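**Q** dropping a prediction and its sequence here:
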Amino acid sequence: MAGDRTSHERDTAAGLYDAAVPTVSLIPAETAARVGELLAGPFTTTITAEGARRYAQAVGDLNPLYFDEDAARAAGHRGCTVPPTYVAYALVQGRPLEQIGVDGLFVGERPIKLAVARIMFGGEEWDLLEPVCVGDVITGETRLAAIDQKDGSKGPFVRITREITYTRDPDGAVVARTRQIGIAR
Amino acid sequence: MSTQQVYVEDLQPGDELPVVVRNASRVQLFLYSAATWNPHRIHYDPDYAQLEGHPDIIVHGPLQGAWLSQYVTDWAGPAGRMTGLRWQNRASALPERDYEFHGRVRAVEGSTVTLDVWEQTPDGQVLMPGEADVELPSRAAR
């Protein structure tokens, strides 16, 4: 068909007519090359009732499954469960004060370099494969899963995806995964 | 908190979940920072938050995510299980203001229900759109 161009031609044509603003990459090559890198961990912790309940109380989530062992067992669990996203905070590593900047954020040894200054929390995507219970031993490790540039209504921005995988010891079952999205512009 | 159980047979695409309103005090934001070991200053220092362009201290994005998680797990009841939760933080939320959580059944397949869930201001600005997957019990299996 005469009017049916290949995808390559279509892309080229779109490039010719839509490219009024040249695209500047906000992602240095050295940063793009880090996709897949282990950013943190592996860290291992034992899930405690105290930590999980403080978190649940701070959220305002007084679900009996987190506080009442009988209720948790009646619902078929091994014991008290914890709020689904709590595992991320059980594994937060404390830092000496000297490693915390004026904004309160940890000053990393190898920050992800971008041609933009401000990073906002953009959201999360959780796969919740098995409930986590008090007493479980959980290992988490964080990888740089993706880094890509997008065009938004307020101009170009960079989407940074860190994927954290949580594994239960000693059987090695993956209990949860989260992809944390950072938006930098 | 839900004490009633919802069953998969009772749901159809388009069904609306009850609306839940959340409102964070400054004390709650402090406690959430402490419980999650989060020293980011925009959540407790109003002067510093203004330096970063915020009108006041702001509610943690993950706290709003935790509220969304609770919205789904409370609705799902003790025998329901949330297997997936995804959300986007599009705009900041402030303490001492009401935010509404809404949900709607998008699909029911076997025992799996997919929900559209979101946080909005009372006048309808969506701060946090999301989706959740929930496994629900069947009345037939009781």
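**A** Perfect, thanks for sending it. Numbering: from 1, shown residues only, chains lettered A, B, ... in the order given.

**Q** may I have the phi/psi pair for the spatially most central residue of chain B?
**A** By Cα atoms, centre = their mean, chain B has its centre lying nearest to B:L68, at 1.2 Å. Torsion angles at B:L68 (phi, psi; degrees, to the nearest 10) stand at phi -60, psi -40.

**Q** and it, how far is that from A:P96?
**A** Taking Cβ to Cβ, to the nearest Å as the measure, B:L68 falls 33 Å from A:P96. Glycine gets a C-beta too; all of them are placed from N, C-alpha and C.

**Q** how much space between the closest residue to B:R139 other than its chain neighbours and B:L31?
**A** Distance criterion Cβ to Cβ, 6 or more residues apart in numbering or on different chains; nearest residue to B:R139, sequence neighbours excluded, is B:Y7 at 4.6 Å. As judged by Cβ to Cβ, B:Y7 and B:L31 stand 35 Å apart.

**Q** so, low pLDDT: which residues of chain A?
**A** Within chain A, the ranges that satisfy pLDDT under 70 run A:1-23, A:109-110, A:117.

**Q** how many other residues sit next to the residue nearest to B:R139?
**A** 17 (other Cβ atoms under 10 Å in any protein chain shown).

**Q** can I assume it is in contact with B:E135?
**A** No. B:Y7 is beyond contact range of B:E135, at 11.8 Å (criterion: Cβ atoms under 8 Å).

**Q** what do the two both touch?
**A** The overlap between the contact sets of B:Y7 and B:E135 (Cβ atoms under 8 Å, 6 or more residues apart in numbering or on different chains) is empty.

**Q** got the residues of chain B near chain A?
**A** Contact residues, chain B versus chain A (Cβ under 8 Å from any Cβ of the partner chain): B:1, B:22, B:28, B:31-32, B:34-42, B:48, B:52, B:60-63, B:65-67, B:69-70, B:73-74, B:78-79, B:81-89, B:128, B:130.

**Q** tell me the mean pLDDT over the helix or strand harbouring B:V134?
**A** Using DSSP states H and E, B:V134 sits within strand B:126-135. Mean pLDDT, computed over strand B:126-135, is 98.

**Q** how far off strand B:126-135 does the helix or strand that B:L115 is a member of point, in degrees?
**A** Secondary structure assigned from DSSP H and E places B:L115 in strand B:112-120. Angle of strand B:112-120 versus strand B:126-135, following axes from the mean of the first three to the mean of the last three Cα atoms, to 10 degrees, is 160 degrees.

**Q** A:F121 and A:Q180, how far apart?
**A** Separation of A:F121 from A:Q180 (Cβ to Cβ) stands at 8 Å.

**Q** out of the two, which sits in the busier spot?
**A** A:Q180 (21 against 17).

**Q** who does the more buried one form a beta bridge with?
**A** A:E124, A:R162 (DSSP bridges).

**Q** before we move on, back to that, which elements pack onto the strand holding B:V134?
**A** Applying 3 or more Cβ pairs under 8 Å, 6 or more residues apart in numbering or on different chains; DSSP states H and E, we find strand B:126-135 packed against helix B:61-76, strand B:81-88, strand B:99-109, strand B:112-120.

**Q** pull the residues that contact it.
**A** Counting by Cβ under 8 Å, 6+ apart, A:123, B:64-65, B:68, B:72, B:76, B:80-93, B:99, B:103, B:106, B:111-121 sit against strand B:126-135.

**Q** parallel or antiparallel, list what pairs with that strand.
**A** Sheet pairing here is set by DSSP bridges, and for strand B:126-135 it gives strand B:81-88 (antiparallel), strand B:112-120 (antiparallel).

**Q** may I see the buried residues of that strand?
**A** By 16 or more other Cβ atoms under 10 Å in any protein chain shown, the buried positions in strand B:126-135 come out as B:127-134.

**Q** go on, stretch B:36-56?
**A** B:36, B:38-44, B:48-49.

**Q** element containing A:I112, please.
**A** Counting by DSSP H and E, A:I112 is found in no helix or strand.

**Q** could you check how far it is from B:G124?
**A** A:I112 is 36 Å from B:G124, by Cβ to Cβ.

**Q** give me the more crowded residue out of the two.
**A** Taking neighbours as other Cβ under 10 Å, A:I112 and B:G124 compare with A:I112 leading, 20 against 7.

**Q** sweet, I'm off.
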